[in-house]
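In: this is a predicted model, with the sequence first.
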Amino acid sequence: MYFKETEYIFDCSELLKLCDIISPKDKDDFQFDVRKIDFLKEGVNMQYGIQRYYLKQDVPMLELGYRSILQKNQLEFGHDFKFAAAAQKIIQQKELSSLAAKVLDPAKFQQFLAQVYGQQTTAKKGERTVPGQIIQMN
Amino acid sequence: MSAVGTINFPLGMGFCKTFYLPDGRRDLITADTCSNAIIASTAYIGQQPGPCFKIYHNTSTGANHYKWLEFFKNAAEYLKYTPFANQIRDPNLTILDSQKKYERAVYLSDDLPAAITAKIAALPYVGNKQTLAQIQKF
């Protein structure tokens, strides 16, 4: 409890001086420069070490990038609602009434079909139509 | 297990969700850095002519201090991707800086549900001995 609540600073300037004195080869062999420790990475290394060497668990190597693995609890409560709400902000409803009027106009539709196929046929009452056959609407 | 492992292991296993860790400068050093520093400093002193007395503090607070919150949050994030195989509960990190808040949180999350379950398990016809034994162990 004492170490938790008390803030203290230890001076390590002598060791840092030693870092500057020794040869570059020795620096690589005996890495003890405190300034180069990445504590955020060490937090992950600690968990990895417990899993790999203490619990003997088969875990992917950290170099492979653990963030590429799908999270176990990725889907939270109400995930689909949150996703839909987020998507609503991106997706905007288009004004399609003018477009719909043109599409639903039979005369224009026939004109379009005539342009495409170059031929028009007339369907009589009781006549069976073949699928894909062009019919003129009167 | 190392000193920080006493927090990391229960966190990963899901034993503890709430931790009392006041934020601030705390001294932490990785074991390999420490052993390397011992070797390098001993070798350096051994090369000095005549008797030599020097103290090398191998600490992090003087040059590169770490913070509880960042350290353990990173570790907890790693556990979301690769959880412990035999974890009891999902790891969920809550760090509190007040002891009173911590005691209240532990009472509500652990002690109170355990007491209620023990009462129910002790009831005739409703509870069973196995549940009572397990909750007493907990």
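Out: Thanks, I have it. Residues are numbered from 1 along each chain as shown, chains lettered A, B, ... in the order given.

In: could you point out which element follows the longest helix along chain B?
Out: Of all segments of type helix in chain B, defined using DSSP state H, the longest is helix B:31-47. Next helix or strand after helix B:31-47 toward the C-terminus (DSSP states H and E): helix B:68-81.

In: for that following helix, packing partners?
Out: Of the remaining helices and strands, those touching helix B:68-81 by 3 or more C-beta pairs under 8 Å, 6 or more residues apart in numbering or on different chains; DSSP states H and E are helix A:39-49, helix B:5-13, strand B:94-96. Using the backbone N, CA and C atoms, a C-beta is placed for each residue, glycine as well.

In: list the contacts for residue 76?
Out: No chain specified, so I'll use chain A. A:Lys82 (C-beta atoms under 8 Å, 6 or more residues apart in numbering or on different chains).

In: not quite, go with chain B.
Out: Applying C-beta under 8 Å, 6+ apart, the residues near B:Ala76 are B:11, B:91-93.

In: and the pLDDT for it?
Out: pLDDT for B:Ala76: 86.

In: quick check: which element contains residue 87?
Out: Picked chain A for this. Counting by DSSP H and E, A:Ala87 is found in helix A:79-90.

In: is chain B within reach of that helix?
Out: No - judged by C-beta under 8 Å from any C-beta of the partner chain, helix A:79-90 stays clear of chain B, getting no closer than 14.5 Å.

In: mind listing what's buried along the longest helix of chain B?
Out: Neighbour-count burial for helix B:31-47, counted by 16 or more other C-beta atoms under 10 Å in any protein chain shown, picks out B:33, B:36-37, B:40-41, B:44.

In: any chance of those in TSV with distance to A:Asp29 and pLDDT as columns?
Out: As requested, the buried residues of helix B:31-47 are arranged in TSV below (distance: C-beta to C-beta, whole Å; pLDDT from 0 to 100):
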residue	distance to A:Asp29	pLDDT
B:Thr33	13	89
B:Asn36	8	91
B:Ala37	13	90
B:Ala40	9	90
B:Ser41	14	89
B:Tyr44	14	88
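
In: quick one on the thing from earlier: ok, the longest helix of chain B near chain A or not?
Out: Yes - Helix B:31-47 reaches chain A (C-beta under 8 Å from any C-beta) through B:32-34, B:36-37, B:39-41, B:44.

In: that helix vs helix A:39-49, what angle?
Out: Taking axes from the mean of the first three to the mean of the last three C-alpha atoms, to 10 degrees, one finds that helix B:31-47 is oriented at 110 degrees with respect to helix A:39-49.

In: do any residues in stretch B:94-102 lie close to chain A?
Out: No - counting by C-beta under 8 Å from any C-beta, chain A has no neighbours in stretch B:94-102; the shortest distance is 8.7 Å.

In: how far does that stretch stretch from one end to the other?
Out: Start to finish, the residues bounding stretch B:94-102 are 9 Å apart (C-alpha to C-alpha, to the nearest Å).

In: show residues contacting it.
Out: For stretch B:94-102, the external contacting residues (C-beta under 8 Å, 6+ apart) are B:17-23, B:68-69, B:72, B:105.

In: so for the strand or helix carrying A:Asp20, what gets flagged as buried?
Out: If you go by DSSP H and E, A:Asp20 is part of helix A:13-21. Neighbour counts over helix A:13-21 (16+ other C-beta under 10 Å) mark A:15-16, A:18-19 as buried.

In: same check, this time on stretch B:49-58
Out: Residues of stretch B:49-58 classed as buried: B:56-58 (neighbour count, 16+ other C-beta under 10 Å).

In: with stretch B:126-138 instead?
Out: So, applying 16+ other C-beta under 10 Å, buried residues of stretch B:126-138: B:127, B:132, B:135.

In: what about the first one, which SS state?
Out: Put simply, B:Gly127 is coil when judged by DSSP: H, G, I helix; E, B strand; the rest coil.

In: now swap in the last one and tell me
Out: Secondary structure of B:Ile135, reduced to three states by three-state DSSP: helix.
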